[in-house]
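Give me the fold of what follows.
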Amino acid sequence: MAQTVGVAGITGKFARCVVKSLLQNPGISVRGFCRDPSKFPASIAASSRIHIVKGEFNDKVSLQDFVAGTDVVICCYLGNADLMSEGQKLLIDACVTKNVPRYIAGDFSVDITNIPYGALPPKDPCKDIMKYLDSTDIQGVHILIGVFMETFWSDFMQIWDPKQKKLSHWGTGYEIWESTTYGTEADYTVAVAMDKTAVGIQQFLGDRKSLIEIVEVFAKVYGYKPNLRNLGSLEDLHQSMHKSLQSNPADVMAWMPKFFFYWSQNEDACLKRDLDNTNYPHVVPMTFEDFFRRHQIDGLASAADNLTSEA
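Below you'll find the predicted structure:
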């Protein structure tokens, strides 16, 4: 069945993965929205199935032009609280005005539904949007995926040291990491977008493993077992992250990775056991082992910067 899917923030990394997956479906047309269309690959933008609308996130006229005629809008915004909260509200308002039936919010994270406001500051805007969607006529969709696998190995999380080839962690190492690659999540997002019955909270994962288990799989694939450096207990982490935030809130990299580490390891933010993966059996999720086999050991830290090579 032919559908038109809107992708807001179409020049972003995750958005490009979504577009790549969308274009694998012949009946899909894509409407994109961004500030600078020149950042989108010209080879893809030239497709007759893609139309890109240029505009600022608060340009109501451009937003309505963008969403007009779409069957569902996927928000791939990634930015500050103003963009993620007020920007999404304006996008939702445009969807309501143009009678778009469904809106897939820019969540893509651990389960934030049980996390109190202020406990994971970067995700407070997502909680705002959950409430906002409930107050509108549009059907909201919230996709939860744990931690992006590429992000786990990136400099941002401060877990993997690519020079010394060791892993640093808080806690025992037996806590479970729930993780999904950008490519796998893009495929699930597209599956949800094409499924008109998919509304509310959707939960997908590529893999669930403790750091101890991840190290064993790492050794199996690469023939090298990285050392583990324990930084303290999760309670130590909790104290450290709040101290860092309070002492210098402007130094985002001093506290934000700690907050994401903590809530990625907190049971309150874990996804349900009975995942929604089973609703879309045609999507084959990438596991940690699959991920390692797709990347050279020296390329793990930069995997997020080389997403175009991932299926």
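
Asp111 and Asn266 touch, don't they?
No: judged on C-beta atoms under 8 Å, Asp111 makes no contact with Asn266 at a distance of 9.7 Å. Just so you know, the C-beta spots here come from the backbone N, C-alpha and C atoms, and that holds for glycine as well.

Neighbour count: these two, which is higher?
The neighbour comparison of Asp111 against Asn266 (other C-beta atoms under 10 Å) goes to Asp111, with 22 against 18.

Quick check: the more buried one vs Asp124, distance?
15 Å (C-beta to C-beta, to the nearest Å).

Using the three-state scheme, assign Lys163.
coil (DSSP: H, G, I helix; E, B strand; the rest coil).

Quickly note the distance from it to Ile297.
12 Å.

higher neighbour count, these two?
Ile297 (15 against 7).

OK, contacts around that one?
By C-beta atoms under 8 Å, 6 or more residues apart in numbering, the contact set of Ile297 is Lys165, Tyr222, Tyr224.

Could you dump those into CSV with distance to Cys76 and pLDDT added?
What follows is those, written out as CSV (distance: C-beta to C-beta, whole Å; pLDDT from 0 to 100):
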residue, distance to Cys76, pLDDT
Lys165, 33, 96
Tyr222, 32, 98
Tyr224, 35, 95
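
from those, which single one is nearest Gly27?
Closest approach to Gly27 among these (C-beta to C-beta): Tyr222, at 41.1 Å.

show me where the stretch 1-150 of the chain has strands.
Remark: strands assigned in the stretch 1-150 of the chain by DSSP state E, counting those that start in this stretch are 3-8, 28-34, 50-54, 72-75, 102-104, 139-144, 147-148.

hey, which of these is tucked in deepest?
strand 72-75 (a mean of 27; mean count of other C-beta atoms under 10 Å).

for the chain, which spans come out with low pLDDT?
Along the chain, segments meeting pLDDT under 70 span 1, 308-311.

Geometrically speaking, which residue is the centre of it?
Phe108 (3.6 Å; C-alpha atoms, centre = their mean).

surely it meets Ala15?
No: shown here, Phe108 and Ala15 do not form a contact pair, counting by C-beta under 8 Å, at 11.1 Å.

Reformat the strands of the stretch 1-150 of the chain as CSV; add distance to Asp187.
Compiled in CSV, the strands of the stretch 1-150 of the chain are given as follows (distance: least, C-beta to C-beta, whole Å):
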stretch, distance to Asp187
strand 3-8, 14
strand 28-34, 13
strand 50-54, 18
strand 72-75, 13
strand 102-104, 14
strand 139-144, 12
strand 147-148, 14
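
mind listing what the residue nearest to Lys20 when sequence neighbours are not counted touches?
Among residues not flanking Lys20 along the chain, Ala186 sits closest, at 6.9 Å (C-beta to C-beta, 6 or more residues apart in numbering). Contacts of Ala186 were listed using C-beta under 8 Å, 6+ apart, and they are Phe14, Cys17, Val18, Lys20, Ser21.

6 Å instead, please
Cys17, Val18, Ser21 (C-beta atoms under 6 Å, 6 or more residues apart in numbering).

can you check Ser247 too?
Applying C-beta under 6 Å, 6+ apart to Ser247 gives no contacts.

Pull up the gap between it and Ser240, please.
Distance, Ser247 to Ser240, by C-beta to C-beta: 11 Å.

Repeat that for Asn114.
Per C-beta to C-beta, Asn114 is found 22 Å from Ser240.
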